[in-house]
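A.B. asks: The following block contains a protein sequence and its predicted model.
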Amino acid sequence: MLKNIQEWSLLLSIFGISALAGNWVGYDIMPLDALPGMIVLILICLAGFVLNEWIPINFPSVAYIAIIGIIVSSPWTPGADYINEWTAQVELLALTTPILAYAGIAIGRSWADFARLGWRTLIVASLVLLGTFIGSALIAEVVLRMQGII
């Protein structure tokens with residue numbers, strides 16, 4: 001278990017540093033300003049991973065992470081104002097970039113496994129990506145027209 005915690009901590013720290021850099025470059029938020037929020041997010045993720053290992057129920061760690069995040073940021077939790085203030089300095093898109101890069105690398109490393117899924121998977125994946133792109137474009141178009149920007 002200790003080895004898992006060390007590996008998770010290292011991986012989350014790498015993601016955190018990458019996200020802080022993206023936060024700085026993309027949103028002009030200095031890394032030292034966003035560091036407390038990133039530490040809170042890393043600790044929440046780490047706690048979710050540990051709970052997933054300790055509790056013998058088949059429940060995804062993402063759910064534990066979400067539950068912990070909701071609890072620590074709720075108004076009745078002592079210190080929630082600080083946590084909300086700190087994590088507000090970390091932009092969501094700055095977090096998604098390193099995670100998606102890691103997912104791409106993970107898929108790229110196992111092309112043989114991906115190829116075994118068959119040609120149907122490529123069609124479904126392409127349609128999902130196309131649908132997401134078109135849906136996002138339509139939503140953006142509607143919202144921008146409603147605001148009179150375009």
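C.D. replies: Done, it's in.

A.B. asks: downstream neighbour of the helix-or-strand element of the chain with minimal mean pLDDT in the secondary structure list?
C.D. replies: In the chain, no helix or strand scores lower on mean pLDDT, DSSP states H and E than helix 111-116, which sits at a mean of 69. Next in sequence after helix 111-116, counting helices and strands by DSSP states H and E, comes helix 119-146.

A.B. asks: which stretches of this structure form helices?
C.D. replies: For the chain, applying DSSP state H gives helices covering 2-27, 31-54, 61-73, 80-87, 92-109, 111-116, 119-146.

A.B. asks: list the buried ones in the second one?
C.D. replies: Spelled out, it's helix 31-54. Neighbour counts over helix 31-54 (16 or more other CB atoms under 10 Å) mark 34-38, 40-42, 44-52 as buried. From N, CA and C alone the C-beta is placed, and that goes for glycine too.

A.B. asks: gap between it and the chain center?
C.D. replies: On the basis of CA atoms, centre = their mean, to the nearest Å, helix 31-54 is displaced by 11 Å from the centre of the chain it belongs to.

A.B. asks: Please save the CA atoms from it in CSV.
C.D. replies: The C-alpha trace of helix 31-54 is given here as CSV (Å, rounded to 0.1, in the frame of the first residue of the first chain):
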residue,chain,number,x,y,z
PRO,A,31,2.2,29.3,-9.7
LEU,A,32,2.7,30.4,-6.1
ASP,A,33,-0.8,31.8,-6.0
ALA,A,34,-2.3,28.6,-7.3
LEU,A,35,0.0,26.2,-5.3
PRO,A,36,-2.3,26.0,-2.2
GLY,A,37,-5.2,25.0,-4.4
MET,A,38,-3.2,22.5,-6.3
ILE,A,39,-2.0,20.9,-3.0
VAL,A,40,-5.6,20.7,-1.8
LEU,A,41,-6.6,19.0,-5.1
ILE,A,42,-3.7,16.6,-4.9
LEU,A,43,-4.6,15.7,-1.3
ILE,A,44,-8.2,15.1,-2.2
CYS,A,45,-7.2,12.8,-5.1
LEU,A,46,-4.8,10.9,-2.9
ALA,A,47,-7.4,10.5,-0.2
GLY,A,48,-9.8,9.1,-2.8
PHE,A,49,-7.3,6.6,-4.1
VAL,A,50,-6.5,5.5,-0.5
LEU,A,51,-10.2,5.0,0.3
ASN,A,52,-10.7,3.0,-2.9
GLU,A,53,-8.0,0.6,-1.6
TRP,A,54,-9.2,0.5,2.0
